[in-house]
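Visitor: quick check, what structure comes out for this input:
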Amino acid sequence: NVLTDHSVRYGDVNLTLSYGRSAVANYVVPTFYQGQGTTVNAREVVETNGLQWLTAAKAVLNNGSAAVFRVDLVARPKVKLWFWYPRRKNMRVGADVEVDGSGMKMKKEDIRLKSAASEGGIRVFVMFASLLVTLLCLF
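Guide: All right, here's what the predicted structure looks like:
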């Protein structure tokens, strides 16, 4: 929590690990509280299902490059302002992680999750609904 004067209360945090276009693991981090200027660390083992490990290993060994996995995180945290939590914010972030033949990530740096929110979101829905109502009123 880089906010020095606000605390954050997270609801369930959903993590999805993907290989290619298919999700291979889902995990839910239970609700937790993060105080002002503090860090919360959690380490968990997540079982995968549906991943063809041999296919991924062959892809790494045959062309000498890395297997690329996708990590997506979806949460709805509440930021405390003074004495109350005004409302939840939608947060959707993700990153690609390159893994070598031994199963370790290739880059030594920490993984930085970047915004993965949809560009249109609710605005596209509102525009479509407005257009539909207008057309219904004209006919």
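
Visitor: and the residue nearest to the spatial centre of the chain, what are its bridge partners?
Guide: Taking Cα atoms, centre = their mean, the centroid of the chain lies closest to residue 73, which sits 1.8 Å from it. Going by DSSP bridges, residue 73 is paired in beta bridges with residue 15, residue 93.

Visitor: from residue 45, how far off is residue 70?
Guide: Distance of residue 70 to residue 45, computed by Cβ to Cβ, to the nearest Å: 19 Å. Where you see a C-beta, it was placed from the backbone N, CA and C, and this is true even at glycine.

Visitor: okay, now the closest residue in space to residue 6 that isn't next to it in sequence: neighbour count?
Guide: In this structure, residue 6 finds its nearest non-sequential neighbour in residue 79, 5.2 Å apart by Cβ to Cβ, 6 or more residues apart in numbering. Neighbourhood size, residue 79 [other Cβ atoms under 10 Å]: 15.

Visitor: the one 10 residues further on too?
Guide: Other residues near residue 89 come to 11 when the count uses other Cβ under 10 Å.

Visitor: one step back: give me the distance between the residue nearest to residue 6 and residue 9.
Guide: For residue 79, the distance to residue 9 - Cβ to Cβ - is 8 Å.

Visitor: ok, back up a step: correct me, but the residue nearest to residue 6 touches residue 88?
Guide: No: applying Cβ atoms under 8 Å as the test, residue 79 and residue 88 come out as separate, 9.1 Å apart.

Visitor: quick check: residue 97 is in a strand.
Guide: Yes: under DSSP: H, G, I helix; E, B strand; the rest coil, residue 97 sits within a strand.

Visitor: so who does it touch?
Guide: 68-71, 105, 111 (Cβ atoms under 8 Å, 6 or more residues apart in numbering).

Visitor: can you rerun that using 10 Å?
Guide: Applying Cβ atoms under 10 Å, 6 or more residues apart in numbering to residue 97 gives the contacts 17, 66-71, 105-107, 111.

Visitor: closest one of those residues to residue 38?
Guide: Nearest to residue 38 out of the contacts of residue 97 is residue 111 (Cβ to Cβ; 20.4 Å).

Visitor: pLDDT score assigned to the closest one?
Guide: On pLDDT, residue 111 comes in at 82.
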